[in-house]
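Student: build me a structure from this.
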Amino acid sequence: MHSDIDDLPPLRERVSQACDTCKQRKVKCDGKAPCSYCKRRHREKTCRFSSSVRRRRRRTETPTTNASTPSNRIRPATPTTTPTVPIPTINRVSPTLTRHSDVSAEEEAEVPRDARLICDAQGRLGDCAPLSLFQTVRQIVTTRVDPHAFSPETSRVSMLENVSSEGLMPIGITGEPEINQTSVPRLVTTFLTVTSGLVDLFDNNTLIPGIQSWGNQVKRPGDVTAAVYYLVLAIGSQSEDEQLATTYFLRGKHLALAALTGNLSVGTVQSFLLTTLYMLRSCQINAAFLFFGIAARAAYAIGLHRTEVNYRFGAEIHTRRDRLWKSIRILDLYLSISMGRPPAASDADCTVPDYSTSEDGSERYDLLNASVQILSLVEGIVQEVYSRRKISLQLTEGISRQLRDWSNKWLPSLLRTSRNQDDRERTGACQILSSYYYAVMLVSRPFLMYELCRRLPESVTSPPRSAAETNGSGRTKLANACIDAATLMIGLISDFISQRPSDKRMPLLVSWLFASSLVVSVGHLSNFGRALEKPAEESIRALEYFASQDAHASQYARIAQSLHRCAQSYLARQDAEDRRRIAESSTQLFGLMPKDHDDDNQNSGRPNSSGAQYPEIRVSAPAGLEPWSSGPFDDFDPAIFSFGESHTPLTDIRVQHGQGHGYVHEGSADQVFGAMNLFPLLEGNGHIDLAHLL
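Tutor: Below you'll find the predicted structure:
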């Protein structure tokens, strides 16, 4: 018997648990492994089901003394079954962290909380931003190494905004700017070069003819197309003629804003993306952040994020719209990561693929796809690590597997392209590779900060760490990976600027290069190797190269110089202290320096022939004993000096009381040193041939 109930659609079964990706994206999950959402996004390897742990707020929490800071208003993460050793707070570092660490503590580390908010006069920055790393490093260095490590101008000058050049121009420009037809190809080529690897907005084969045809019109229309063309010329002339670029930009921005009252189109998205790029290159990143929000909402409004919608416009327009959405994703992720702010666009409801296949089914080499893929991985790192404020070695292994997959697919081709003679291809490859190196730095940065806190003294007045306290651990490999990625990025950008690119306004390279400079200087400061001094100096030179046209690069170069000088000074003091301890030990052996109870000891030390003063090293010795009578050789086995069977104690070599000065037990000394050839040059009948040296 047929029932009406049979005609009803089946009820959707409620799954017991959704995968981590669907929970983060807040989309429906079918509960399968892998789920259908991850399959559609080609992310089967990252589809994981984590056991849900209900977290409860502790009823009794220790009140903080500094409640005014934003970082102290954030509740610490509830510990899981694995004990967590947090990276210490910057204002007061726990001695327990730097001296004691059990075996289970090697599994996890927390992201520093102190740089969660940087309340600059012009805006807010989050944890993953390069300036947030600087905030953390600055507070660690000033509290542990040198309170005056950084010059005042690195703290007082705004880190976010540059003085706008628009104040030099009238706000309401009524006349149309003049278009020089002969300069259009050069300006468009510059535009395509500096935006390579970031955005792909046009059909490059028709862009130059389109602008030339539009510029030849006696009365140019004031529509959104004119706004796009003006903004392209503004970006192309930004490093060549700033006043002309400002004229183009103001006219283009005015037309773009006026077009918002009409119907939204692809031109609307393009115009505000170009406005964002211009402001980024002018170091006005807060304004860029706001204008990008308009572009992102306009893109959602016309359905750019859905490839099935784009498909309805035909094959050619379908490709252009898909690539326009990828450009939005790249620029959005760069703004989000570099400033530590939430993204304006998401791929939760996006169906535009981030790959393209060739006829044989293999993935086609495409700079835009490589860029959106690596920045999507960085977005995952921010969500998994910096949003949850904790990282473990297990999570790091999962992220590193994704980075290895990307590297195996793209790294060889990008490295070849970075050495290409074509400026556009070389610039795009360099920007994408820099994002890859920054991704590695971002996932391993918490471990480097942990090692920095562990290796530096507790405070400025505390003694330096002993060798036992700076031994390697499980975190050291990841800290070294962070330093290696920074070193590779510095080498890549140094090779890039050795080609002397004409345009020096590249905000992505400058942001990631600044983070690399901080990382290598931190590694140098925390004794990861004196070889890091060279890449630190190279990074400063690279920042100074961009500083001629980029105000942020100029500021970053001063910060990098201050940190580098601080590291050099700190290591020089450490070397002097090590030599002092060695000299003390040598004095105990041979009495090289006068003792405290010598009456003829002078305060200033013994002057040399040039009038310089030797450093004074005072050594206290027990009463009634000679300086070397404390038994410094008693711990040595005579067998290391002799191949014989002598077991005569080395104490026989000391001055015997009552035997007079200079008496040495010759038999024992000969037994100890007799088998050791102290003058190998005199072998061969005593003849020394110096003819080859004359």
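Student: name the residues of stretch 350-363 that are buried.
Tutor: 350, 351, 352, 354 (16 or more other CB atoms under 10 Å). Every C-beta, even on glycine, is put in place using the N, C-alpha and C of the backbone.
Student: now do the end-to-end distance for it.
Tutor: One end of stretch 350-363 sits 20 Å from the other (CA to CA, to the nearest Å).
Student: list the contacts of it.
Tutor: By CB atoms under 8 Å, 6 or more residues apart in numbering, the surrounding residues in contact with stretch 350-363 are 40, 42, 304-308, 310, 322, 325-326, 329, 364, 366, 369, 372-373, 376, 409.
Student: just the buried residues out of those residues, in PyMOL syntax.
Tutor: Per 16+ other CB under 10 Å, the buried members of the contacts of stretch 350-363 correspond to this PyMOL selection:
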select buried, resi 304+305+306+307+310+322+325+326+329+366+369+372+373+376
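Student: and the gap between the closest residue to residue 30 other than its chain neighbours and residue 49?
Tutor: In this structure, residue 30 finds its nearest non-sequential neighbour in residue 36, 5.2 Å apart by CB to CB, 6 or more residues apart in numbering. Remark: distance between residue 36 and residue 49 (CB to CB, to the nearest Å) = 14 Å.
Student: buried residues in stretch 439-457?
Tutor: Quick answer for stretch 439-457 (16+ other CB under 10 Å): 439-456.
Student: sorry, wrong one. I was asking about stretch 292-308.
Tutor: Those would be 292-296, 298-300, 302, 304-307, for stretch 292-308 by 16+ other CB under 10 Å.
Student: using PDB, list the CA coordinates for that stretch.
Tutor: Extracted in PDB, the C-alpha atoms of stretch 292-308 (Å, rounded to 0.1, in the frame of the first residue of the first chain):
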ATOM      1  CA  PHE A 292      39.600  46.200  -0.500                       C
ATOM      2  CA  GLY A 293      36.500  45.500   1.500                       C
ATOM      3  CA  ILE A 294      34.400  47.200  -1.200                       C
ATOM      4  CA  ALA A 295      36.100  45.100  -3.900                       C
ATOM      5  CA  ALA A 296      35.400  41.900  -2.000                       C
ATOM      6  CA  ARG A 297      31.700  42.600  -1.300                       C
ATOM      7  CA  ALA A 298      31.300  43.700  -5.000                       C
ATOM      8  CA  ALA A 299      32.800  40.400  -6.100                       C
ATOM      9  CA  TYR A 300      30.400  38.400  -3.900                       C
ATOM     10  CA  ALA A 301      27.500  40.500  -5.300                       C
ATOM     11  CA  ILE A 302      28.200  39.600  -8.900                       C
ATOM     12  CA  GLY A 303      29.000  35.900  -8.100                       C
ATOM     13  CA  LEU A 304      32.700  35.800  -8.900                       C
ATOM     14  CA  HIS A 305      33.200  33.200  -6.200                       C
ATOM     15  CA  ARG A 306      31.100  30.600  -8.000                       C
ATOM     16  CA  THR A 307      32.600  29.000 -11.000                       C
ATOM     17  CA  GLU A 308      29.200  27.700 -12.200                       C
END
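Student: quick one on the thing from earlier: when residue 36 and residue 49 are compared, which one has more neighbours?
Tutor: residue 49 (17 against 14; other CB atoms under 10 Å).
Student: what's near enough to touch that one?
Tutor: 17, 18, 19, 20, 33.
Student: doesn't it belong to a helix?
Tutor: No. Read with DSSP: H, G, I helix; E, B strand; the rest coil, residue 49 is coil and lies in no helix.
Student: how close does it sit to residue 218?
Tutor: Distance from residue 49 to residue 218, by CB to CB: 66 Å.
Student: quick revisit: looking at the contacts of stretch 350-363, which are in helices?
Tutor: With helices taken from DSSP state H, the overlap with the contacts of stretch 350-363 comprises 40, 307-308, 310, 322, 325-326, 329, 369, 372-373, 376, 409.
Student: so which of those sits lowest on pLDDT?
Tutor: Lowest pLDDT within those is found at residue 40 (82).
Student: just the buried residues of the longest helix anywhere in the chain, please?
Tutor: What stands out as the longest helix in the chain, according to DSSP H, is helix 551-590. Buried positions in helix 551-590, judged by neighbour count with 16+ other CB under 10 Å: 551-564, 566-567, 570-571, 587-588.
Student: same deal with stretch 486-497?
Tutor: 486, 487, 488, 489, 490, 491, 492, 493, 494, 496, 497.
Student: stretch 37-50 too?
Tutor: Under 16+ other CB under 10 Å, the buried positions of stretch 37-50 are 37, 38, 41, 43, 46, 47, 49.
Student: and if you look at stretch 306-324?
Tutor: Of the residues in stretch 306-324, those buried (16+ other CB under 10 Å) are 306, 307, 310, 318, 320, 321, 322, 323, 324.
Student: nearest to residue 214 among the residues you listed?
Tutor: Closest approach to residue 214 among these (CB to CB): residue 320, at 18.6 Å.
Student: domain boundaries for this structure, per the record?
Tutor: The chain breaks down into these domains under automatic domain parsing: 24-50, 111-150+358-461+473-571, 162-351, 633-694.
Student: now those domains as JSON lines including distance to residue 594?
Tutor: Below are these laid out as JSON lines (distance: least, CB to CB, whole Å):
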{"stretch": "domain 24-50", "distance to residue 594": "68"}
{"stretch": "domain 111-150+358-461+473-571", "distance to residue 594": "28"}
{"stretch": "domain 162-351", "distance to residue 594": "59"}
{"stretch": "domain 633-694", "distance to residue 594": "18"}
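Student: residue 533: neighbour count?
Tutor: Neighbours around residue 533, by other CB under 10 Å: 16.
Student: show me the contacts for the nearest residue to it once chain neighbours are set aside.
Tutor: Excluding its sequence neighbours, the residue lying closest to residue 533 (CB to CB, 6+ apart) is residue 524, at 5.8 Å. By CB under 8 Å, 6+ apart, residue 524 lies in contact with 530, 532, 533, 536, 564, 567, 571.
Student: gap between residue 524 and residue 569?
Tutor: Counting by CB to CB, the gap from residue 524 to residue 569 is 12 Å.
Student: cool, thanks, talk later.
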